[in-house]
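Asks: task: produce atomic coordinates for the following.
(one chain, ligands or ions: 1)
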Amino acid sequence: MSLPPNILRAFSNAPGFDEEAFCRVHDTGEQVSSVRINPAKFSDPAALSFELDRRIPWTAYGYYLASRPLYTFEPLLHAGAFYVQEASSMFLEQALQQTADLSRPLRVLDLSAAPGGKSTHIQSLLHPESILVSNEVIKSRAAILEENMIKWGGSNVVVTNNDPRDFSGLQGYFDVIVVDAPCSGSGMFRRDPDSVAGWSHDLVALCSQRQQRILADIWPALKEDGVLIYSTCSYSVEEDEELADWVLETFEVSSLPLLTDSNWNIVQSFSEKHQAAGYRFYPDKLMGEGFYLTAFKKKSAGSGPPRKGGRGKWEQVSRQVRDGLKHWMKETDFSLISLHENILALPPLMAEELALLQSLYIRNAGVTIGKWAGKDLVPDHAFALSQLTATGIPVLQLERAEALNYLRKEEIKTGTGQMGWHMVQYMGHTLGWIKVLQNRSNNYYPKEWRILKQV
Ligand SMILES: C[S@@+](CC[C@H](N)C(=O)[O-])C[C@H]1O[C@@H](n2cnc3c(N)ncnc32)[C@H](O)[C@@H]1O
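Replies: Now for the predicted structure:
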């Protein structure tokens, strides 16, 4: 792929930009593949059909792969044991660790979260009593975000589908806000050469205005001393350092520098007007795509602490249901509530937090356990993928080919004499539910998530 001169000229003022090396790395067409494992689920690298190669140095959970596998046919991807993510983006881990106290419960918003790369990563880094609001404004993308967060299996996540301005009522609520902003996308040119044709100066200007609007809308929701982490996959200074200057001019805020290892070859930049520290990733300098990240601390909120949420529009489940769930669920201190016919398990304090978040359009919160149908539970897929299932639930281990058939939603020949609900597993990782009947079994894998691709 050769990049047009107008694009190269546009990046010539970007700190650390080396035109010759940049062109060379785009010309080769070389691709870097990487994944991030889920520390709550992943234990055995041998369960993967591909090899984890070198570690990505700025994260504890990321690995480069020697070659790109067909991820769709990897059952552990559907079990939420790993996530396919571009390596540079995992630098978010450094930003969070160095700017926030992750040893205590925090309220964190990932504002532009779909498909869920940063949110799954954040979930792995937070104290378990934290609350992570993973938001996506575009409805169809919010559905994908929800799917990925359910597969990841964390119980402390709320998935919402809101515009940034909908958060204005939550004055001073969040300790940390991550804005992985929609941008002109030049950092992905190597991955997606077709996107080169869509790039223009007008697009960069439009994105920069939208990024300012998003940050202005979300700003009141950040608490005093709270941390804002802003990132793009654009090389354009208008979306990166100039945007950081705009933040410093517009809000009461200070720039938060981060420590990096010189061997990582990340370019540290300083914005022209206010010297905001930023971190630039170039594919010709390190193994990863184009990325920019900067962090800020809010100086004053201009508003008090979050108000009390009052009571939510839900009820605790009855004693009969609670007793009935005993052989399904691990013993926990979670609250069990009924919402829209579903039973939800919410970690301690989340019910109170949800009451505060009631103004948002909540797609998913805590773990959906299922529906109570008269005498017993019809378990939800999210429950299977969570860490809350009781050890006594019957399990059916499948070989790889059968596991893929299950994920295609085909009927599974069980060979088991035991009737009723079973968790289907591959190499000890749960994929979902089946119900074994007298002469057949019903596959409960969600229809909209099934594998459609043929090998
Ligand atoms: C760079 S992508 C996010 C990637 C995601 N953080 C991840 O790591 O998987 C930017 C997201 O911003 C969303 N978006 C688009 N317009 C937006 C707006 N006006 N406000 C907030 N988010 C927006 C896009 O739909 C997209 O999902």
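Asks: check the average confidence over the strand or helix carrying residue 118, would you?
Replies: Following DSSP states H and E, the helix or strand that holds residue 118 is helix 117-125. Helix 117-125 carries an average pLDDT of 98.
Asks: any residue of that helix up close to the ligand?
Replies: Yes - applying CB under 6 Å from any ligand atom, one finds helix 117-125 touching the ligand at 117-118. C-betas here are computed from N, CA, C, even on glycine.
Asks: that helix: how far from the chain's middle?
Replies: Centre-to-centre, helix 117-125 and its host chain are 5 Å apart (CA atoms, centre = their mean, to the nearest Å).
Asks: and the helix or strand that that helix is followed by with the ligand, contact?
Replies: Where DSSP H and E defines the elements, the next helix or strand beyond helix 117-125 is strand 131-135. No - applying CB under 6 Å from any ligand atom, one finds strand 131-135 separated from the ligand by no less than 7.9 Å.
Asks: what is strand 131-135 packed up against?
Replies: Counting contacts by 3 or more CB pairs under 8 Å, 6 or more residues apart in numbering; DSSP states H and E, strand 131-135 packs against strand 107-110, helix 117-125, helix 139-152, strand 157-160.
Asks: how about JSON lines for the ones you listed, with mean neighbour count and distance to residue 400 added?
Replies: Formatted as JSON lines, these follow (neighbours: other CB atoms under 10 Å; distance: least, CB to CB, whole Å):
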{"stretch": "strand 107-110", "mean neighbour count": "27", "distance to residue 400": "33"}
{"stretch": "helix 117-125", "mean neighbour count": "24", "distance to residue 400": "24"}
{"stretch": "helix 139-152", "mean neighbour count": "20", "distance to residue 400": "18"}
{"stretch": "strand 157-160", "mean neighbour count": "26", "distance to residue 400": "29"}
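Asks: which one of these lies nearest to residue 268?
Replies: Closest to residue 268 of the helices and strands packed on strand 131-135 is helix 117-125 (CB to CB; 21.1 Å).
Asks: between the closest one and strand 131-135, how big is the angle?
Replies: If you take axes from the mean of the first three to the mean of the last three CA atoms, to 10 degrees, helix 117-125 sits at 170 degrees to strand 131-135.
Asks: got a list of contacts for helix 117-125?
Replies: Residues from elsewhere that reach helix 117-125, judged by CB atoms under 8 Å, 6 or more residues apart in numbering: 36, 38-40, 59, 61, 83, 85-86, 89-90, 92-93, 96-97, 102, 108, 110, 113, 132, 134, 145, 148-149, 152, 154, 156-157, 178, 180.
Asks: filter these to the buried ones?
Replies: Burial by neighbour count, judged by 16 or more other CB atoms under 10 Å, picks out 36, 38, 40, 59, 61, 83, 85-86, 89-90, 92-93, 96, 102, 108, 110, 113, 132, 134, 145, 148-149, 152, 154, 156-157, 178, 180 from the contacts of helix 117-125.
Asks: contact residues of the stretch 1-150 of the chain facing the ligand?
Replies: Residues of the stretch 1-150 of the chain found near the ligand (CB under 6 Å from any ligand atom) are 89, 111-118, 136-138, 141.
Asks: so where's this protein shaky on pLDDT?
Replies: Counting by pLDDT under 70, the chain contains low-confidence residues at 301-312.
Asks: once you drop chain neighbours, what's closest to the residue nearest the centre of it?
Replies: Residue closest to the average C-alpha location in the chain (CA atoms, centre = their mean): residue 119, at 2.3 Å. Spatially, and ignoring its direct neighbours in sequence, residue 119 is nearest to residue 134 (4.1 Å; CB to CB, 6 or more residues apart in numbering).
Asks: which residues touch the one you found?
Replies: Residues in contact with residue 134 (CB under 8 Å, 6+ apart) are 110, 113, 116, 119, 145, 149, 157-160.
Asks: so which of these is the closest to residue 316?
Replies: residue 158 (18.9 Å).
Asks: just to check, the closest one is in contact with residue 354?
Replies: Yes - Residue 158 is within contact range of residue 354, at 7.0 Å (criterion: CB atoms under 8 Å).
Asks: give the residues shared as contacts by the two.
Replies: 362, 365.
Asks: ok, which of the helices and strands packed on strand 131-135 comes nearest residue 267?
Replies: Distance to residue 267, taken as CB to CB, is lowest for helix 117-125 among the helices and strands packed on strand 131-135, at 20.9 Å.
Asks: buried residues in the helix or strand encompassing residue 208?
Replies: Element membership for residue 208, per DSSP H and E: helix 201-218. Judged by neighbour count using 16+ other CB under 10 Å, the buried positions of helix 201-218 are 203-204, 207-208, 211, 214-218.
Asks: near the ligand at all, that helix?
Replies: Yes - counting by CB under 6 Å from any ligand atom, contacts between helix 201-218 and the ligand involve 210, 214.
Asks: now the helices: where do they sit in this structure?
Replies: 5-11, 19-28, 75-78, 92-99, 117-125, 139-152, 201-218, 241-250, 319-324, 350-356, 381-385, 400-407 (DSSP state H).
Asks: pipe these into TSV and attach distance to residue 228 per row.
Replies: Formatted as TSV, the helices of the chain follow (distance: least, CB to CB, whole Å):
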stretch	distance to residue 228
helix 5-11	25
helix 19-28	29
helix 75-78	31
helix 92-99	9
helix 117-125	14
helix 139-152	21
helix 201-218	8
helix 241-250	8
helix 319-324	41
helix 350-356	20
helix 381-385	30
helix 400-407	39
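Asks: domain parsing for this structure?
Replies: 90-298, 308-393, 394-455 (automatic domain parsing).
Asks: quote the end-to-end distance of stretch 11-23.
Replies: Stretch 11-23 has an end-to-end distance of 12 Å (CA to CA, to the nearest Å).
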